[in-house]
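1. with the input below, show me the fold.
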Amino acid sequence: MARRCSKPASSRIGTPSDSAFINLLAPGESPTTSASVFLLTLPGLFADAARRAREAGFDGIELHYAHAYTMASFLSRLNTRGDGYGGAREHRVRLPLEVLGAVRQRVGADYVVGIRFL
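-> You can find the predicted model right below:
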């Protein structure tokens, strides 16, 4: 039998904030520092996954930049981060473009890389 959630899920797209990265903190580390380090490693994580997909024989990969996933949150107008990854449109697209660049570099120009937008 399925259990019901005590709280309904919010349908509002959240904004990426340092609180999303609190679980990554080491003792004595500030949320801002941790989030910045995480954001610097994220493109490499996507690129490594794309490389593994190519090596496994997949014809291509799709980066999911929609439906309230991480990249959609960064692209949102509601993203008001003050660390260069929010606010103006040029800043909001920074992380998704860094991820795309890292993936493309890792898998090569001859491999299909799609992007799902909402």
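2. residues contacting Ala47?
-> Val99, Ala102, Val103, Gln105, Arg106, Val107 (Cβ atoms under 8 Å, 6 or more residues apart in numbering). Glycine gets a C-beta too; all of them are placed from N, C-alpha and C.
3. cutoff 10 Å now
-> Glu98, Val99, Leu100, Gly101, Ala102, Val103, Arg104, Gln105, Arg106, Val107 (Cβ atoms under 10 Å, 6 or more residues apart in numbering).
4. and the nearest residue to Met71 once chain neighbours are set aside, how many residues sit next to it?
-> Nearest-residue entry for Met71: Tyr65, 4.0 Å, with adjacent residues in sequence omitted and distances by Cβ to Cβ, 6 or more residues apart in numbering. Under the neighbour criterion other Cβ atoms under 10 Å, Tyr65 is assigned a count of 20.
5. ok, Tyr65 - contacts?
-> By Cβ under 10 Å, 6+ apart, Tyr65 lies in contact with 71-75, 93, 96, 99-100, 115-118.
6. cross these against helices and list the overlap.
-> Within those, residues falling in helices by DSSP state H are Met71, Ala72, Ser73, Phe74, Leu75, Pro96, Val99, Leu100.
7. which of these sits closest to Gly44?
-> Val99 (9.2 Å; Cβ to Cβ).
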